[in-house]
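Q: have a look at this fold, sequence not included:
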Ligand code: F6R
């Protein structure tokens, strides 16, 4: 894993945006894997700014998002489809039909998971996957204990994840209890991974990722088995020493 240290959230977002813009310019038909949550908001803002100023073209880019809440349709303001449209897709000239996110409102969620997995494969797989990390080490919504060979599947969200995401909802009770997520093996099949980590709340997770072994109780540890991972982490995330008990 290659680690790039930066000062703060803004510097992380800038570095990540330059990284992504370079890739899109080099390979205009790139398949990008995208994340939601607080971490990539700065990156998406800068991609939009760059599109306005420099006209980087997304007209041939295809995107696959990591996950979506079960029970929320794409026009629900808390759905990840809505988030992605608002933060990125509505502003960069990408064709909406080339932006894929699991449908959390599908009648048959199991079928939706299988179709999503197949779709990624049919389109040639993900070239560059952007990831954030949960403070419990989740990637996508693959919570601790998820099998490393998992494909796109339905998950029960950990209480800590629902709590962390409650900030985006009116009341904590509104946070859905289930989600569809790419599996760990789906993520690991990406040709390249860019992991963004910012803030003190992620410092234990980053420390554990850098210093512990690989085990299913800490999902992000699997990234050590991937040949091409770049981490962009800020000072606050890199600062703190490990306080969690490790099990790997
Ligand atoms: C989001 C996702 C999650 C987040 C993680 C960190 O699509 O898959 O793994 O990346 O929960 O969330 P933030 O960035 O809000 O701290």
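A: Thanks, I have the structure now. Quick caveat: nothing in here was measured; it's all calculated off a predicted structure. Numbers count the residues shown, from 1 in each chain.
Q: show me the contacts for residue 188.
A: 148, 222, 225, 226 (C-beta atoms under 8 Å, 6 or more residues apart in numbering). For glycine as for every other residue, the C-beta is placed from the backbone atoms N, C-alpha and C.
Q: residue 30: what's it in contact with?
A: 23, 24, 61, 62, 127, 128.
Q: which of those sit farthest apart?
A: Within the contacts of residue 30, two members stand farthest from each other by C-beta to C-beta: 23 and 62, at 13.1 Å.
Q: what sits against residue 163?
A: residue 172.
Q: helix/strand/coil for it?
A: helix (DSSP: H, G, I helix; E, B strand; the rest coil).
Q: same check on residue 215?
A: Residue 215 ends up coil, using three-state DSSP.
Q: and it, how many neighbours does it have?
A: 16 (other C-beta atoms under 10 Å).
Q: do you know how far it is from the ligand?
A: Separation of residue 215 from the ligand (C-beta to the nearest ligand atom, to the nearest Å) stands at 18 Å.
Q: that residue contacts residue 221, doesn't it?
A: Yes. Using C-beta atoms under 8 Å, residue 215 is in contact with residue 221, at 5.9 Å.
Q: about what we covered before: which neighbours do residue 23 and residue 62 share?
A: With C-beta under 8 Å, 6+ apart as the test, residue 23 and residue 62 both reach 30, 32.
Q: where does this structure come near the ligand, residue by residue?
A: Selection of the chain residues close to the ligand by C-beta under 6 Å from any ligand atom yields 35-39, 66-67, 132-134, 138-141.
Q: would you mind giving these as JSON lines with neighbour count added?
A: Putting the residues of the chain next to the ligand into JSON lines (neighbours: other C-beta atoms under 10 Å) gives the following:
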{"residue": "35", "neighbour count": "23"}
{"residue": "36", "neighbour count": "25"}
{"residue": "37", "neighbour count": "17"}
{"residue": "38", "neighbour count": "14"}
{"residue": "39", "neighbour count": "22"}
{"residue": "66", "neighbour count": "28"}
{"residue": "67", "neighbour count": "24"}
{"residue": "132", "neighbour count": "20"}
{"residue": "133", "neighbour count": "26"}
{"residue": "134", "neighbour count": "24"}
{"residue": "138", "neighbour count": "25"}
{"residue": "139", "neighbour count": "27"}
{"residue": "140", "neighbour count": "28"}
{"residue": "141", "neighbour count": "25"}
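Q: from the residues you listed, which single one is nearest residue 196?
A: The closest of the residues of the chain next to the ligand, once distances to residue 196 are taken by C-beta to C-beta, is residue 39, at 5.0 Å.
Q: got the confidence number for the closest one?
A: What the model reports as pLDDT for residue 39 is 98.
Q: would you map the strands across the protein?
A: 2-6, 31-34, 62-65, 67-69, 99-100, 128-131, 153-156, 178-181, 192-197, 229-234 (DSSP state E).
Q: show the average pLDDT along the first one.
A: Throughout strand 2-6, pLDDT has a mean value of 97.
Q: oh, and call the first residue 169 from now on, that's how I've got it
A: All set: I'll call the first residue 169, so the last point we hit is now strand 170-174.
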